[in-house]
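1. pasting the sequence and the predicted model now:
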Amino acid sequence: MRLVKRHGTPVLLIMLGIGIGFFLSAQWVPNVSAVGRQDYESLEAFSNILSIVKKNYVEDVETKNLVNGAINGMLNSLDPHSAYLTPELYKDLQSDTQGRFGGLGIEITVKGGMLTVVSPIEDTPAHKAGIKPGDQIFKIEDEFTKDMSLADAVKKMRGLKGTKINLTIRREGAADLIDVSLVRDVIRVQSVKSRSLEPGYGYVRLAQFQERGDRDIQRALEKLAAEKAGLKGLVLDLRNNPGGLLNQAVRVSDLFLESGMIVYTDGRIESQKQKFFAQKEGTWADFPIVVLVNGGSASASEIVAGALQDHKRAVVLGTKTFGKGSVQTILPLDDNSALRLTTARYFTPKGRSIQATGIVPDIVIENIPMIDGKPDERKRPSLREENLPGHLNNPQQNSAKEQEQIDREREKQIPTSGPTGDETIDNDQQLKRALDLLKSWDVFKQVVQKKAA
């Protein structure tokens, strides 16, 4: 399959998942514009405060630590996804995109000053220990995490394979704090899993948008198509997929679209205005698709779901997505550190901004967890972009206010635990509904063909 066309000057773009980001290797640094008088006055005030702290603080402090703290504070004040990456974190970031890194396998964000779990990554220490979306990490070892930055939290939770770490968890509905002991491991994320649901109906789950994800899906489709019954329908599972590389979102969408726009980005400068288009060559267009999403589907997942929904190539089923519609650019610095800076918003082919609103499925159905063989009907708080302090506003929010209220009324809150696609189909209501939809689609197609004949 050919590379997608891009209109505009090449720029380093990155579509982040929540919490821990993903890197696309290249370098791009903007020109520094002239600093105005008001900015000079602000810098002078900062310099004066720095001198006062250095001279009068109760203990001796290093200038480097003070400046790093100021940089972190500045970036944290912008939005939840901009951050300063120390050389160590920047190196870790590059390892993440290759699907292999050390640690616990957990996606986190900050909500109300507390480290909050978005989702554990499948088949990792965090997932095996029973950590759930929505859990608050109250302590790491004996250190309280209140107002701890994401960068510091990631640094503390990562470590050598085989080393132990203790977390204290606060869980909604639990009377007491939960102590969890984990053993760090090298995280090898298997981003693509596939299987046949029934003869002719395939299932592909994409856990993260990493390098080579599109090629792994291509191989999975070829394997499913080579089976005796062929491939008459596909379930593409993006539930609890926190995102990843923008170019992978484009390539995965391109696997199923013959032509047209996939996504476009819009920022303040011309190089941040990008358009991405599909190509016909290599397209899988001969079968219907149902895309599964939920509140843990973010960023790149929303690009794919939005593109296939806008082109009417797939039916989107599940609950409303996370709503992360912003683009982060990695800006390398001379000391091997980097800035992760929000530089643009992305839009679906029909011009919809997903920022803080998410993708609303064509068919809204939640997955109710089972407890002792009975449905657990309790409502649980959801975590989405709109809940994060300092999130970017949606530029279409005012014009879409009425529609947003309708969407809120349609959708129920999602459970704090989400499916992984490994459950039997009878225990996964969304997957079962998706398969039923594909089968009825095939029956209807046969009826139409008979009438035409």
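-> Looks like it arrived, so ask away.
2. quick one: list the elements packing against the one helix or strand residue 303 maps to.
-> Per DSSP states H and E, residue 303 falls inside helix 300-310. Helix 300-310 is packed against helix 246-254, strand 261-267, strand 289-293, strand 314-318, with contacts defined by 3 or more CB pairs under 8 Å, 6 or more residues apart in numbering; DSSP states H and E. C-beta coordinates here come from the backbone N, C-alpha and C atoms, glycine included.
3. out of those, which is the most enclosed?
-> strand 289-293 (a mean of 27; mean count of other CB atoms under 10 Å).
4. that one pairs with which strands?
-> Take DSSP bridges as the rule and strand 289-293 pairs in its sheet with strand 233-237 (parallel), strand 314-318 (parallel).
5. how about the secondary structure of the spatially most central residue of the chain?
-> When CA atoms, centre = their mean is applied to the chain, the residue found nearest the centroid is residue 242 (2.4 Å). Under DSSP: H, G, I helix; E, B strand; the rest coil, residue 242 falls in the coil class.
6. just put the helices and strands packed on helix 300-310 in CSV and tack on distance to residue 182 and mean pLDDT.
-> Putting the helices and strands packed on helix 300-310 into CSV (distance: least, CB to CB, whole Å; pLDDT from 0 to 100) gives the following:
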stretch, distance to residue 182, mean pLDDT
helix 246-254, 29, 96
strand 261-267, 37, 96
strand 289-293, 29, 98
strand 314-318, 29, 97
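7. got JSON lines for these, with distance to residue 431 too?
-> Converted to JSON lines, these look like this (distance: least, CB to CB, whole Å):
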{"stretch": "helix 246-254", "distance to residue 431": "19"}
{"stretch": "strand 261-267", "distance to residue 431": "26"}
{"stretch": "strand 289-293", "distance to residue 431": "7"}
{"stretch": "strand 314-318", "distance to residue 431": "9"}
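8. for residue 114, which of these is the nearest?
-> Closest to residue 114 of the helices and strands packed on helix 300-310 is strand 289-293 (CB to CB; 25.7 Å).
9. what angle sits between the closest one and helix 300-310?
-> 140 degrees (axes from the mean of the first three to the mean of the last three CA atoms, to 10 degrees).
10. show residues contacting strand 289-293.
-> Contacts to strand 289-293, defined as CB atoms under 8 Å, 6 or more residues apart in numbering, come from residues 233-239, 256, 301-302, 304-305, 308-309, 313-321, 359, 361, 430-431, 434, 437-438.
11. can you pull the buried residues of stretch 133-151?
-> 133-140, 145, 148-151 (16 or more other CB atoms under 10 Å).
12. and what of stretch 433-449?
-> Neighbour count says stretch 433-449 has 433, 434, 435, 437, 438, 439, 441, 442 buried, by 16+ other CB under 10 Å.
13. any idea which of those residues is closest to residue 354?
-> After measuring the buried residues of stretch 433-449 against residue 354 - CB to CB - the closest member comes out as residue 434, at 21.6 Å.
14. by contact count, what packs against the strand or helix carrying residue 43?
-> If you go by DSSP H and E, residue 43 is part of helix 37-56. Judged by 3+ CB pairs under 8 Å, 6+ apart, helix 37-56 is in contact with helix 63-76.
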